[in-house]
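Engineer: Next input, structure requested:
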Amino acid sequence: MKDDEAPERGSMRAQLVQLGFIVLASVGVFSFVKAARSDYRIAACSALCAFRPTYAGMNRTAPDFELADFDGKKVKFSSFFTEKKPVVLNFWTKTCKPCLEEMPSLAALAEIVKKDGIRVVTVSTDEGPDAVRDHLQVVLDGKPAPFAVLFDPDAEIVSGTFGTSLFPETWLLDGDRVIRVRIDGKRDWTSPFALELLTMIGRPGGCPVEFQRGLPAGPFKRLCGDD
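Structural biologist: Residues are numbered from 1 along each chain as shown. Below is the predicted model:
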């Protein structure tokens, strides 16, 4: 063996050891990033998984429509999205007891999120302001409604456009008017999960879990702990 071969082999061995450390470090970093991403997704989906909505997804855009408000002025639904913030859309009627029971928490939600530019819009299938004024006064303890009230007495929008037949029904839309969540029935809108759900919808990406008929669906359904 030549005298200069031993240092050369030693250098190659050192380079291989160094390369091995780099490979191991890269695998470690990749595993860490993958685990962190999974943990982030689980955290981002916690509220959605807890709420178990009837529907959740990102592939449907709500159609625009125009209805009269409490003052009789025609208002376009798209006008509530000028700040590109989430909008809560609630369908109700005065003959629906769960609707009226839910109304105080919906009003509280509207008060909490208005500072963030998030709007709560309700659509009543009653005849107009005079038909619901007393009911709102009672359930809101005489305070003015902190949310928009629109009227669809013929249910052309509520039933014809959105297909809603039972109340209350609430749709959560992101700033691009994409329907992210639909919830059937009465809920407590002051719960931490409700606020986190709106935060998730307003966050780019949000939660990738889909829901169909109250059950997680799609390739990310395991983020909700479902097999």
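Engineer: Helix or strand: which one has the spatially most central residue of the chain?
Structural biologist: Residue closest to the average C-alpha location in the chain (CA atoms, centre = their mean): residue 201, at 3.8 Å. Per DSSP states H and E: residue 201 is located in helix 192-202.
Engineer: Next, the buried residues of that helix.
Structural biologist: 194, 195, 196, 197, 198, 199, 200, 201, 202 (16 or more other CB atoms under 10 Å). The way it works is simple: take the backbone N, C-alpha and C, and place the C-beta from them, glycine included.
Engineer: For that helix, which outside residues touch it?
Structural biologist: Residues from elsewhere that reach helix 192-202 (CB atoms under 8 Å, 6 or more residues apart in numbering): 44-48, 50-51, 85-86, 88, 109, 112-113, 116, 118, 172-175, 180-181, 187-188, 206-207.
Engineer: Mark which of those residues are part of strands, please.
Structural biologist: 88, 172, 173, 180, 181 (DSSP state E).
Engineer: The first one - how many residues pack around it?
Structural biologist: Here the count is done by other CB atoms under 10 Å, and residue 88 has 26 residues near it.
Engineer: Roughly how far does it sit from residue 110?
Structural biologist: Distance, residue 88 to residue 110, using CB to CB, to the nearest Å: 8 Å.
Engineer: Can you check which residues contact both of the two?
Structural biologist: 119, 120.
Engineer: give me phi/psi at the residue nearest to residue 85 when sequence neighbours are not counted?
Structural biologist: Leaving aside its sequence neighbours, residue 85 sits nearest to residue 117 (CB to CB, 6 or more residues apart in numbering; 4.2 Å). Dihedral pair for residue 117: phi 80, psi 10, per degrees, to the nearest 10.
Engineer: got it, and residue 135?
Structural biologist: Dihedral pair for residue 135: phi -60, psi -40, per degrees, to the nearest 10.
Engineer: ok now do it, which residues does it touch?
Structural biologist: 94, 100.
Engineer: Quick one, grab the pLDDT at it.
Structural biologist: For residue 135, the model assigns a pLDDT of 97.
Engineer: Now do the strands in this structure.
Structural biologist: 55-56, 66-69, 74-76, 87-92, 119-124, 148-151, 169-173, 179-184, 210-212, 215-217.
Engineer: So residue 118 sits against residue 84, correct?
Structural biologist: No: judged on CB atoms under 8 Å, residue 118 makes no contact with residue 84 at a distance of 10.9 Å.
Engineer: Of these two, which one has the most company?
Structural biologist: A direct count of neighbours by other CB under 10 Å for residue 118 and residue 84 places residue 118 higher, at 23 against 11.
Engineer: which residues sit in contact with the more buried one?
Structural biologist: 85, 86, 87, 88, 198, 202.
Engineer: go again using 7 Å as the cut-off
Structural biologist: Each residue near residue 118 by CB atoms under 7 Å, 6 or more residues apart in numbering is listed here: 85, 86, 198.
Engineer: Phi and psi next, for it.
Structural biologist: Per degrees, to the nearest 10, the backbone of residue 118 is at phi -90, psi 130.
Engineer: Buried residues, stretch 209-220. List them.
Structural biologist: 209, 210, 211, 216, 217.
Engineer: How about residues contacting it?
Structural biologist: Outside stretch 209-220, the residues touching it (CB under 7 Å, 6+ apart) are 45, 48-49, 52-57, 208, 221, 223-224, 226.
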